[in-house]
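Colleague: Generate coordinates for the sequence data below:
(2 chains)
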Amino acid sequence: MITLEVKCFATLAKLAPEGGTYEAEDGLTVGGLMERLSIPAGEVKIRFVNSVHVGEDHVLKDGDRVGLFPAIGGG
Amino acid sequence: MAERGAVSTGPLDDLGRSCDLRARQRDGAPCRVLPLAAEQDLARETSASLLDIERAALASGILPERYLRNTTAFSLTDQLALLGASVLVCGLGGLGGYVVELLARVGVGTITGADGDRFEPSNLNRQLLATSATLESSKAEAAAERVALVNEAVIFRSISHFLDKDGFAAAIREAKADLVVDALGGLAHRLALQQAASEADLPLTTAALAGFSGYAGVVFPGRPGPANLLGAGDAGAGVEETLGSPGPTAALAASLLAQLSLQTLTKKVDAQNAPTLVFDLADLTFEQIRLA
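Modeller: A predicted model of the protein is given here:
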């Protein structure tokens, strides 16, 4: 099992796991995590793991910090 | 930084007579200060502009009084570089109003501000230049009037129509810009502006917000920026259409945008360490991320 820290920004905040942590089995990808959290892939524009932008197929490790950021354009 | 010609000190050589020793430089050495009234007198007595007088003063190690509280966060060398710089700010709303205010107060010598929009009541919650007195008036003209009030040494040029990609490129050329600031609203035109800056071989600073979240970053030519990832949104807008754009988030994003612009102009960041910061004021998250 792995434990992840998950931060969802703006409109995605309502879909964040309770307490900001999520437990999952080994091998979960960022895309898989989004699916588990019912976050539509099209709504996530920047995915970062430990502060680095990654693809949806990035495999997560225990202790990873995941950030999910939607299309923000306000000025 | 583009060279804007040597600083002429001809009629200003005796600047020192107007100065006292109130400021200190980073190394603790005292620094002469040119009082604002003396600077204005000098401009009246000679044909020199305030900007030329301030640049000549700094070239002689004399700090114009209006920048006294910039030191030592900005060194005299930084201040001289900022006064010699030209910045194109695209968008003069929630982000651009504050950015122009801050760049003018810090002392960026030449600012071109572009926005084809006029103020409307929904701007009043966050846009510095939106007041009951400016409703329905041009944002670019309001910015020009504001800069003249906060720092009369700054040269401000306004572009009061909307720009497309060709327009961005032309504005960059005409401004002889050293830096392009993306203070646009919405997602529709941000990538075009980033590409225009990149094609002109210029760095770009960018920021956006929605609700309590936002980002600010620096994009160097040929490098990916947030606009590459965020797309064009639904009908050109992002999730701010749902979450709104509250004042504290707009002011913070604008302050970060101004600071990154000043750091870029004074060569404190480069392509190797170009920062992108994401934040959420709802839980005070601040995180620097790498896009590539």
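Colleague: CA atoms for contacts and neighbours, from now on please.
Modeller: Noted.
Colleague: For chain A, see how far away the most centrally placed residue in chain B is.
Modeller: With distances taken as CA atoms, centre = their mean, the residue of chain B nearest its centroid is B:Leu103 (4.0 Å). Note on B:Leu103: its distance to chain A, by CA to the nearest CA, to the nearest Å, is 17 Å.
Colleague: got it, and B:Gly238?
Modeller: 5 Å.
Colleague: And for B:Asp234?
Modeller: 9 Å.
Colleague: Quick one: neighbours of that residue, just the number.
Modeller: B:Asp234: 13 surrounding residues under other CA atoms under 10 Å in any protein chain shown.
Colleague: helix/strand/coil for B:Val218?
Modeller: At B:Val218, secondary structure determined by DSSP: H, G, I helix; E, B strand; the rest coil is strand.
Colleague: Strands of the stretch 151-292 of chain B, residue ranges please.
Modeller: B:155-159, B:179-182, B:204-210, B:213-219, B:276-280, B:285-289 (DSSP state E, counting those that start in this stretch).
Colleague: if you compare those, which one is most tucked away?
Modeller: Ranked by average neighbour count under the criterion mean count of other CA atoms under 10 Å in any protein chain shown, the strands of the stretch 151-292 of chain B are headed by strand B:204-210 at a mean of 31.
Colleague: just the angle between that one and strand B:213-219, please?
Modeller: 170 degrees (axes from the mean of the first three to the mean of the last three CA atoms, to 10 degrees).
Colleague: now strand B:204-210, how far from the centre of its chain.
Modeller: 13 Å (CA atoms, centre = their mean, to the nearest Å).
Colleague: same for it, what does it pack against?
Modeller: strand B:179-182, helix B:190-199, strand B:213-219, helix B:240-243, helix B:247-265 (3 or more CA pairs under 8 Å, 6 or more residues apart in numbering or on different chains; DSSP states H and E).
Colleague: rewinding a little: can I take it that the residue nearest to the centre of chain B is in a helix?
Modeller: Yes. Checked against three-state DSSP, B:Leu103 lies within a helix.
Colleague: who's in contact with the residue lying closest to it once chain neighbours are set aside?
Modeller: Spatial nearest neighbour of B:Leu103, excluding adjacent residues (CA to CA, 6 or more residues apart in numbering or on different chains): B:Ala258 at 6.6 Å. Neighbouring residues of B:Ala258 by CA atoms under 8 Å, 6 or more residues apart in numbering or on different chains: B:Val99, B:Leu102, B:Leu103.
Colleague: Output those as CSV; include the columns pLDDT.
Modeller: As requested, these are exported to CSV (pLDDT from 0 to 100):
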residue, pLDDT
B:Val99, 99
B:Leu102, 98
B:Leu103, 99
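Colleague: who in chain A is up against chain B?
Modeller: A:9-11, A:45-46, A:48, A:51-53, A:70-75 (CA under 8 Å from any CA of the partner chain).
Colleague: ok so, going back, okay, the helices and strands packed on strand B:204-210 in JSON lines with mean pLDDT next?
Modeller: Below are the helices and strands packed on strand B:204-210 laid out as JSON lines (pLDDT from 0 to 100):
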{"stretch": "strand B:179-182", "mean pLDDT": "98"}
{"stretch": "helix B:190-199", "mean pLDDT": "98"}
{"stretch": "strand B:213-219", "mean pLDDT": "98"}
{"stretch": "helix B:240-243", "mean pLDDT": "96"}
{"stretch": "helix B:247-265", "mean pLDDT": "98"}
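Colleague: Identify whichever of these lies nearest to A:Ile2.
Modeller: A:Ile2 lies closest, by CA to CA, to one member of the helices and strands packed on strand B:204-210: strand B:213-219, at 27.8 Å.
Colleague: So what touches the closest one?
Modeller: With CA under 8 Å, 6+ apart as the criterion, strand B:213-219 contacts A:9-10, A:72, B:194, B:203-209, B:225-226, B:249, B:253, B:256-257, B:260-261, B:264, B:271, B:274-282.
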